[in-house]
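Colleague: give me coordinates for this.
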Amino acid sequence: MKPNLRIGVVYDFRNPPQSGIDNQGLYAEIMEQAVWLDGLGLDLIWFTEHHFVDDGYLPSWIPVASAMAARTKKVSFSSDISILPLYQPVRLAEDLAVLDNLSCGRVELGVGLGYVPQDFNGYGLSVKQRVSRTDESLEILTRCFRGERFSFTGKRYSAKNVIIKPDYVQPGGPPLWVAASSKNGALRAARFDAHLLPQGPYETTIQVWLDELKSSGRNPDDYRVGIIKPCFVTDDKERDWPAIRAAERFRMEYYAQAFKDAGRGAPPDQDKVRISQNWVVGNVDHCVAELSEFIKQNRITDLVTWAVPPGLRPDAVNGSLERFATEVAPRLKDAAS
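Modeller: Numbering: from 1, shown residues only. Predicted coordinates for the structure are as follows:
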C-alpha cells in the first residue's frame, strides 16, 4: 500500500542580528507558532543541526522537541539531520526513549554523516572518522530500538549489557531515516532498513536505495522518502519574495563557507546535481501544481517547508504557513492519494 503523504515544517532557529529579537524571544515565538501549526493540522516538525555558529544555529533538537511535545497533540518530530558521528549512540537512544514517552510515540530520527569541520573540531573529533562512527552508531541504535539486551565492541564504540529503558512507545523504536548524497549513502540507508532523506541526484540516491530494497525482497511501499522543499504562498510575489530571497541568501552563506572549509568548493547547483530544494513561491494553485509534480517525480512521502527563514520573525511568515497548511497541503494529499 502506498504511504500516505505527510506535510510539515522545519526549523533551524538561526537568529542573525537583523531579526531584531534575542534568542529567548525567538524560541518563545517559535514555540507558540509550533502549537498553532499543530492545531492547523500539519503532520511534521523537523529540525536541522549544526554547531558553534554565531547566529545560534540549533545544536540540540531533542530538548526543543520535548518542549513542543508537551504542548502539541498530533504533530511528529524528527531531524534532518542529526549529525550522528557527534553523538554517543546509547545516550541518544535513551534520550529518544524519553522523548518517545513524553510525546506518546511522536518521535522519529533522521541521521547523516556531517561534513563541516567546526562541527567535529568542537567535539575533539576528526571528520575522517565520520563514516566508521556513523556505521557503528547505526548498528548500536538499531539494536537499542529493537529492545534487546546486547553488547557491542567496535573500532569507535563499545557497549556492554545494554537494554534501553524506559521502553519505547513505538514498537521497534523511533522510525529511522538516513540521509544520502551519493550511492554509498543510499546503500547505507537500505542496509540499516531506513527511510531515505535524499540530498543528491535521484539516480544515485533514491533509485539506488529503491533498487537495493527490491533486490533484497523488501517492498518500497513500506518505506518513506522525505525532503525539505520550501514554499511561500502569496498572491503578490513581487511584494513578498524579496524578504524571503534575502533570508535564503543569508542561509546559503553559511553553507558556502561550510563547503569551503570542508574542501568541497562551492555548494552544488541544486537543479543540476541534486533534487532541487529551491523555493516554490506563488499563489495556491501555483504551489499545488509545482509541489504535486515534484512529489510525483521524486516519490516523496514527507515534505517540509522552512517555517522561519533566518532573519525573519514567525509573524512574517504565518500568513503563508496558514495557507500552506489549510489550502495547499490538503490538495497535495488528495493528488497523492
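Colleague: quick one: average pLDDT of stretch 202-219?
Modeller: On average, the pLDDT along stretch 202-219 is 98.
Colleague: list the contacts for residue 336?
Modeller: Contact analysis of residue 336 by C-beta atoms under 8 Å, 6 or more residues apart in numbering lists 4-5, 292, 295-296. Heads up, the C-betas are built off the backbone N, CA and C, glycines and all.
Colleague: of the residues you listed, which is the most crowded?
Modeller: Using other C-beta atoms under 10 Å as the neighbour criterion, residue 295 leads these with 22 neighbours.
Colleague: in which helix or strand would I find that one?
Modeller: Using DSSP states H and E, residue 295 sits in helix 284-298.
Colleague: and that helix, average pLDDT?
Modeller: Helix 284-298 comes out at a mean pLDDT of 98.
Colleague: the helix or strand just after that helix vs helix 284-298, what angle?
Modeller: Counting by DSSP H and E, the element after helix 284-298 in chain order, helix or strand, is strand 302-306. For strand 302-306 against helix 284-298, the angle by axes from the mean of the first three to the mean of the last three C-alpha atoms, to 10 degrees is 130 degrees.
Colleague: who are the packing partners of strand 302-306?
Modeller: In terms of contacts (3 or more C-beta pairs under 8 Å, 6 or more residues apart in numbering; DSSP states H and E), strand 302-306 is packed against strand 6-11, strand 44-47, strand 226-228.
Colleague: who does it pair up with?
Modeller: Strand pairing for strand 302-306, determined by DSSP bridges: strand 6-11 (parallel), strand 226-228 (parallel).
Colleague: give me the buried positions along the shortest one.
Modeller: Residues of strand 226-228 classed as buried by neighbour count (16 or more other C-beta atoms under 10 Å): 226-228.
Colleague: what's the mean pLDDT across that strand?
Modeller: 98.
Colleague: the first one now?
Modeller: Per-region confidence: strand 6-11 scores 98 on mean pLDDT.
Colleague: can I get the helix or strand just after that strand in CSV? Just the C-alpha atoms.
Modeller: Under the assignment DSSP H and E, the closest C-terminal helix or strand after strand 6-11 is helix 23-40. What follows is helix 23-40, C-alpha atoms only, in CSV (Å, rounded to 0.1, in the frame of the first residue of the first chain):
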residue,chain,number,x,y,z
ASN,A,23,17.3,34.1,21.3
GLN,A,24,15.0,33.6,24.2
GLY,A,25,12.3,35.7,22.4
LEU,A,26,12.7,33.8,19.2
TYR,A,27,12.4,30.5,20.9
ALA,A,28,9.2,31.7,22.6
GLU,A,29,7.7,32.9,19.4
ILE,A,30,8.6,29.7,17.6
MET,A,31,7.1,27.6,20.4
GLU,A,32,3.8,29.4,20.0
GLN,A,33,4.0,29.0,16.2
ALA,A,34,4.5,25.3,16.6
VAL,A,35,1.4,24.9,18.8
TRP,A,36,-0.6,26.9,16.3
LEU,A,37,0.7,24.8,13.3
ASP,A,38,-0.2,21.6,15.2
GLY,A,39,-3.8,23.0,15.5
LEU,A,40,-3.9,23.7,11.8
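Colleague: what about helix 23-40, distance to the chain center?
Modeller: Relative to its chain's centre, helix 23-40 lies at 18 Å (C-alpha atoms, centre = their mean, to the nearest Å).
Colleague: repeat for stretch 32-49
Modeller: On the basis of C-alpha atoms, centre = their mean, stretch 32-49 sits 13 Å off its chain's mean C-alpha point.
Colleague: ends of it, what's the gap?
Modeller: By C-alpha to C-alpha, to the nearest Å, the extent of stretch 32-49 from end to end equals 21 Å.
Colleague: residue 21 and residue 28 touch, don't they?
Modeller: No: judged on C-beta atoms under 8 Å, residue 21 makes no contact with residue 28 at a distance of 9.2 Å.
Colleague: just the strands in the chain please.
Modeller: Using DSSP state E, the strands found in the chain span residues 6-11, 44-47, 76-79, 82-83, 109-112, 150-153, 158-162, 176-180, 195-198, 226-228, 231-233, 280-282, 302-306.
Colleague: circling back: want to throw the helices and strands packed on strand 302-306 into TSV with distance to residue 253?
Modeller: Shown next, in TSV, are the helices and strands packed on strand 302-306 (distance: least, C-beta to C-beta, whole Å):
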stretch	distance to residue 253
strand 6-11	18
strand 44-47	20
strand 226-228	17
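Colleague: I'd guessed residue 174 sits against residue 108; true?
Modeller: Yes: using C-beta under 8 Å, residue 174 is in contact with residue 108, at 5.0 Å.
Colleague: any stretches of this structure with poor pLDDT?
Modeller: 265-273 (pLDDT under 70).
Colleague: center of it, which residue is that?
Modeller: The centre of the chain sits closest to residue 80, judged by C-alpha atoms, centre = their mean, with a distance of 2.0 Å.
Colleague: verify the stated contact: it with residue 109.
Modeller: No: checked against C-beta under 8 Å, the pair residue 80 and residue 109 is beyond contact range at 10.1 Å.
Colleague: quickly list what's touching both of these two.
Modeller: Residues touching both residue 80 and residue 109 (C-beta under 8 Å, 6+ apart) are residue 177.
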